[in-house]
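Engineer: Just to be clear, the model below is a prediction. Sequence and coordinates:
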Amino acid sequence: MERKKNVLFLCTGNSARSQMAEGLLRKMADDRFDAMSAGLEPKDEVHPLAVEVMREIGIDIGAQKPKTVDVYLGRVPVHYLIVVCNRAQATCPRIWPGLMEGNRYYWPLDDPAAVSGGFEEQLAVFRAVRDELQEKLREWVNGLKL
């Protein structure tokens, strides 16, 4: 049996977008991938609204923890790197040991944690980002030739 491919979702704070992507990929294709996430400057916890909107679709990311990219860089083989924020795209390492050409993706998504406003406004943005991630992941997984 072929080993699962490691997919690393990278963001700045590793508290919302990358955590939601990790949970989504686990739900969609856990038999094909090991989903991981990390941040360049990880926050102390996963954003509570990220946990809430994922719970709405039956995915529990409440036990996930923000991690620094150093946990993976040079220590864990990364087969696919998906960067989900502008800042991480501009500042993350360009060379990853073992990452093949063409297996680095950039999906610039709005940072739902940066949105101000009332609870319902913030929740709506988290849902929109979750749904966009879900669609991008569905297209990506279905388009891969493994």
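Structural biologist: Nice, thanks for sending it over. Numbering: from 1, shown residues only.

Engineer: Mind jotting down where the helices sit in this protein?
Structural biologist: 17-29, 48-56, 86-91, 119-143 (DSSP state H).

Engineer: Count the neighbours of Lys43 for me.
Structural biologist: Around Lys43 there are 17 other residues, counting by other C-beta atoms under 10 Å. For glycine as for every other residue, the C-beta is placed from the backbone atoms N, C-alpha and C.

Engineer: that older thread, ok, and which of the helices of the chain has the densest surroundings?
Structural biologist: Highest mean neighbour count of those: helix 17-29, a mean of 25 (counted as mean count of other C-beta atoms under 10 Å).

Engineer: now it against helix 48-56, angle please.
Structural biologist: Counting by axes from the mean of the first three to the mean of the last three C-alpha atoms, to 10 degrees, helix 17-29 lies at 10 degrees to helix 48-56.

Engineer: Contacts for stretch 77-85, please.
Structural biologist: By C-beta atoms under 8 Å, 6 or more residues apart in numbering, the residues outside stretch 77-85 that reach it are 5-12, 17-18, 21, 33, 72, 89, 92, 96-100, 103-109, 111, 133, 140.

Engineer: Please indicate which of these are buried?
Structural biologist: With burial judged by 16 or more other C-beta atoms under 10 Å, the buried subset of the contacts of stretch 77-85 is 5-12, 17-18, 21, 33, 72, 89, 92, 96, 99, 103-104, 107, 109, 111, 133, 140.

Engineer: related to what we said a few turns ago, out of the helices of the chain, nearest to Gly62?
Structural biologist: helix 48-56 (4.9 Å; C-beta to C-beta).

Engineer: Centre of the chain to the closest one, how far?
Structural biologist: 14 Å (C-alpha atoms, centre = their mean, to the nearest Å).

Engineer: One more: stretch 22-40?
Structural biologist: That offset, for stretch 22-40, works out to 7 Å (C-alpha atoms, centre = their mean).

Engineer: Quick one: neighbours of the closest residue to Tyr105 other than its chain neighbours, just the number.
Structural biologist: Leaving aside its chain neighbours, Tyr105 sits nearest to Ile82 (4.6 Å; criterion: C-beta to C-beta, 6 or more residues apart in numbering). As a burial measure, Ile82 scores 25 neighbours (other C-beta under 10 Å).

Engineer: In the sheet, which residues pair with Ile82? Tell me.
Structural biologist: Beta-bridge partners for Ile82, by DSSP bridges, are Phe9, Tyr105.

Engineer: Kind regards, and thank you for your time.
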